[in-house]
Each structure stands twice: as C-alpha cells, then as structure tokens.
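In: task: produce atomic coordinates for the following.
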Amino acid sequence: MAKLKEQAIEIFDNEIYAKSLQSKELNKDYNDLTSQLRELDHKIEYYRRDGDYAEVTKLKRKQSELENEIVKLDDKLNTDNFVVTEDEFERFYSAFDSELSEYKAKHQALKSEMNKQIDALKKTYHELVENKNNAGRIISRERYVANEKSNPGNINNLYKGQMLAHEINLGDGNKYDEQTTPRGYAWQLEKALDAVSHDDFQKYHFGKKKW
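Out: So this is what the prediction gives:
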C-alpha cells in the first residue's frame with residue numbers, strides 16, 4: 001500500500017519532537033543550575049551563622065553568576081527554537097486529520113474486501129462439507145459391513161448412521177489434527193495472518209522500514 005505524503009510525521013520529526021528534545025536538554029541544565037543555587041543557599045547560611053563573611057561574599061558572587069545563567073537559559077527556553085508554536089500545533093493536527101481520514105477510508109475498503117473473501121470462502125467450504133458428508137454416508141455403512149464381515153451376526157454390531165465431522169477422515173490426519181473443520185481453518189488463517197503482522201512488525205523493528 002502506497003503511503004501518503006506524511007506531512008504530520010515530517011512536522012513531528014523536524015519541528016515538534018526536535019524542539020521537545022532541545023527543550024529537555026536545556027531544562028536539564030536549568031535544573032542543574034537550580035540545584036547548585038539551592039546548595040549555595042545552604043552554604044551561605046552556614047558561613048553567615050559561622051561569621052565567615054568573606055566566604056559569604058565569595059559565595060554570593062558565585063550565586064549571582066548562576067542566577068544570570070538561569071536568566072539566560074530561561075530566556076532561551078521561551079524562544080521559538082525551543083517552544084512549539086500554535087501554528088505548528090495547527091499544521092500538525094490539520095495534516096494528521098487529513099491523513100488519518102484517508103487511512104480510515106482505505107481501512108474500511110480493505111475490511112469490505114476481507115468480508116468478500118470470507119463470503120467466497122464460505123461457498124467453497126459449503127462444497128467441502130457437502131462432499132465430506134456424502135463420503136461419510138458410505139464410510140458409516142462400510143464400517144458396519146467390515147464389522148459384519150469379520151464377526152457375522154454380532155449383536156454389538158450396530159449401524160450408527162450419521163457421523164460427526166471429525167470422524168469423517170479423507171486424508172486430514174487424526175481428529176486432534178483435523179484441518180478441514182471451522183476450527184482447523186481458523187487456526188490456519190490465524191497462523192497466516194499472524195505471520196503477516198509479525199513480518200511487517202519486524203521490518204520496522206530491525207530498521208528495514210522507517211517507523
């Protein structure tokens with residue numbers, strides 16, 4: 001399936017997410033500075049109580065330098081290079097809504113196609129069931145005949161009549177490995193569809209396709 005222009009992803013990658021990462025880095029620096037200021041406050045208070053005003057003066061000078069750095073960082077954090085603008089939000093959601101609506105429309109069309117395939121499968125399966133039951137009609141009689149042949153007149157030799165689906169084996173394996181019952185086909189289909197999902201996931205997971 002061909003992808004859309006992916007404007008929403010481009011806006012996210014190149015603008016919103018990029019700014020978010022840059023902002024987080026600055027915020028880490030900002031938090032480091034505030035931690036240093038908090039530590040300085042404790043030291044200043046300690047030396048003030050101790051009467052060491054020379055050390056207090058030295059620490060206050062350092063405190064002033066840190067405060068100036070925080071002001072610069074704060075100003076920087078509020079610039080357009082680090083703040084996602086309203087225009088960027090609007091352009092992202094405009095592209096997102098437009099692109100998602102197309103994916104939803106495609107999804108509904110593919111769901112409809114899947115349902116058509118299921119209807120076609122039902123027709124084929126109906127023929128398979130009819131054929132299997134017709135075979136079962138003669139198999140049930142053959143079993144009675146085989147018992148009668150090996151043990152004529154045995155009172156325990158009873159004609160059963162209609163057979164259960166798993167009892168009619170036309171080369172499908174034992175009843176626990178039956179592949180032509182609804183459960184058997186459901187299992188096969190689940191395996192096949194899981195393989196498709198897994199393969200496509202792996203392409204993204206191992207970088208063969210860009211997420």
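
In: and the residue nearest in space to the middle of the chain, which of the three is it?
Out: Nearest residue to the geometric centre of the chain (C-alpha atoms, centre = their mean): Phe201, 8.4 Å. Three-state assignment for Phe201 (DSSP: H, G, I helix; E, B strand; the rest coil): helix.

In: likewise Arg141?
Out: helix.

In: coming back round to it: relative to Trp187, how far out is the residue nearest to the centre of the chain?
Out: Distance of Phe201 to Trp187, computed by C-beta to C-beta, to the nearest Å: 21 Å. Quick note: C-beta positions are derived from backbone N, CA and C, even for glycine.

In: also Asn81?
Out: 56 Å.

In: pLDDT weak spots in this protein?
Out: Within the chain, the segments meeting pLDDT under 70 span 1-4, 174-178.

In: swap in 90 and give it another go.
Out: 1-6, 78-81, 153, 160, 164-185, 187-188, 205-211 (pLDDT under 90).

In: now the helices for it?
Out: 7-11, 17-50, 53-77, 86-150, 182-205 (DSSP state H).

In: now do the last one against helix 86-150, angle only.
Out: Put plainly, it is helix 182-205. Orientation of helix 182-205 against helix 86-150 (axes from the mean of the first three to the mean of the last three C-alpha atoms, to 10 degrees) gives an angle of 150 degrees.

In: extract the CA atoms of helix 182-205 and return them as PDB.
Out: Extracted C-alpha coordinates of helix 182-205, given in PDB (Å, rounded to 0.1, in the frame of the first residue of the first chain):
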ATOM      1  CA  PRO A 182     -14.000 -24.500  11.100                       C
ATOM      2  CA  ARG A 183     -11.600 -24.600  14.000                       C
ATOM      3  CA  GLY A 184      -8.900 -26.100  11.800                       C
ATOM      4  CA  TYR A 185      -9.200 -23.500   9.100                       C
ATOM      5  CA  ALA A 186      -9.500 -20.700  11.800                       C
ATOM      6  CA  TRP A 187      -6.200 -22.000  13.200                       C
ATOM      7  CA  GLN A 188      -4.500 -22.000   9.700                       C
ATOM      8  CA  LEU A 189      -5.900 -18.500   9.000                       C
ATOM      9  CA  GLU A 190      -4.700 -17.100  12.300                       C
ATOM     10  CA  LYS A 191      -1.200 -18.500  11.700                       C
ATOM     11  CA  ALA A 192      -1.100 -17.000   8.200                       C
ATOM     12  CA  LEU A 193      -2.300 -13.600   9.400                       C
ATOM     13  CA  ASP A 194      -0.100 -13.600  12.400                       C
ATOM     14  CA  ALA A 195       2.900 -14.200  10.100                       C
ATOM     15  CA  VAL A 196       1.900 -11.200   8.000                       C
ATOM     16  CA  SER A 197       1.600  -8.900  11.100                       C
ATOM     17  CA  HIS A 198       4.900 -10.300  12.600                       C
ATOM     18  CA  ASP A 199       6.800  -9.900   9.300                       C
ATOM     19  CA  ASP A 200       5.700  -6.300   8.900                       C
ATOM     20  CA  PHE A 201       6.500  -5.500  12.600                       C
ATOM     21  CA  GLN A 202      10.000  -7.000  12.200                       C
ATOM     22  CA  LYS A 203      10.700  -4.700   9.200                       C
ATOM     23  CA  TYR A 204      10.100  -1.700  11.400                       C
ATOM     24  CA  HIS A 205      11.800  -3.300  14.500                       C
END
